[in-house]
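*Asks:* build me a structure from this.
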Amino acid sequence: MRVILSDPAASLADVFTDIETDRLLLRPLHEADRQAMVDIHTDPRTNRFHPDPPDVPRASEMFSGWLAHWAEHGFGYPAVTERGGTEVIGTCGVRLREFNGEKVLNLGYRFRPSAWGKGYAVEAGQAVLGWCARELPSVPVLASVSIANKPSLRVAERLGFTEYTEELYEGAMSRHYRR
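*Replies:* Okay, here's the model as predicted:
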């Protein structure tokens with residue numbers, strides 16, 4: 001299915017289907033994923049570069065916002081599992097946002113520390129970017145990364161992003177990449 005967005009905020013219900021890579025499954029978020037996502041997003045290790053890490057209530061609120069984005073647009077930040085597994089090991093996907101007055105797709109990725117160092121963020125990111133190129137080719141993809149977060153900067157660069165600008169974002173000096 002090819003979706004062309006003249007208005008990036010238009011509803012895209014049922015656009016995203018499961019994506020399988022060699023090692024991973026990316027699937028839409030479900031309410032049953034709330035605890036896993038809250039655990040991942042409140043783990044101090046996943047927040048070491050975040051100046052204001054979320055507590056449990058805020059992480060749960062973020063998750064509710066992600067579910068609402070899925071309901072409205074048909075895509076968002078999917079849950080990531082290893083193929084054949086059931087444990088949610090992270091998330092990697094895109095959500096609509098405004099950046100300097102332009103509608104963009106914000107690429108976000110975050111994984112459990114037990115999944116780090118395996119290339120999962122790049123593998124999942126490549127799959128998501130392929131989906132974006134097929135389904136939303138007219139909407140630019142942006143990745144915003146704290147300049148202190150060297151591993152995440154490397155992921156963005158391995159995904160083919162180029163530096164776009166640096167500015168304060170969510171309380172940290174961040175490098176914004178664009179594809």
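*Asks:* so where do the helices sit in the chain?
*Replies:* With DSSP state H as the definition, the chain shows helices at residue ranges 34-42, 56-73, 120-135, 150-158.
*Asks:* pLDDT weak spots in this protein?
*Replies:* 1-14 (pLDDT under 70).
*Asks:* show me where it has strands.
*Replies:* 19-20, 24-27, 79-82, 88-99, 102-111, 141-146, 162-169, 172-178 (DSSP state E).
*Asks:* one step back: turn the helices of the chain into a markdown table, including distance to V94.
*Replies:* No exception for glycine: its C-beta is placed from N, CA and C like everyone else's. Shown next, in a markdown table, are the helices of the chain (distance: least, C-beta to C-beta, whole Å):
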| stretch | distance to V94 |
| --- | --- |
| helix 34-42 | 16 |
| helix 56-73 | 10 |
| helix 120-135 | 6 |
| helix 150-158 | 13 |
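*Asks:* let me know which of the ones you listed is the nearest to R97.
*Replies:* R97 sits nearest to helix 56-73 of all the helices of the chain, at 9.7 Å, using C-beta to C-beta.
*Asks:* list the helices and strands the closest one packs on?
*Replies:* Under the contact criterion of 3 or more C-beta pairs under 8 Å, 6 or more residues apart in numbering; DSSP states H and E, helix 56-73 touches helix 34-42, strand 88-99.
*Asks:* and if we set it to 7 Å?
*Replies:* For helix 56-73, the elements it packs on are helix 34-42, judged by 3 or more C-beta pairs under 7 Å, 6 or more residues apart in numbering; DSSP states H and E.
*Asks:* go through the helix it packs on and flag the buried ones.
*Replies:* By 16 or more other C-beta atoms under 10 Å, the buried positions in helix 34-42 come out as R34, A36, M37, V38, I40, H41, T42.
*Asks:* residue closest to the middle of this structure?
*Replies:* Centroid check for the chain by C-alpha atoms, centre = their mean gives G108 as the closest residue, at 2.4 Å.
*Asks:* run a quick check on M37 versus F63, I expect a contact.
*Replies:* Yes - between M37 and F63 there is a contact under C-beta atoms under 7 Å: 5.0 Å.
*Asks:* many thanks, I have nothing further to ask.
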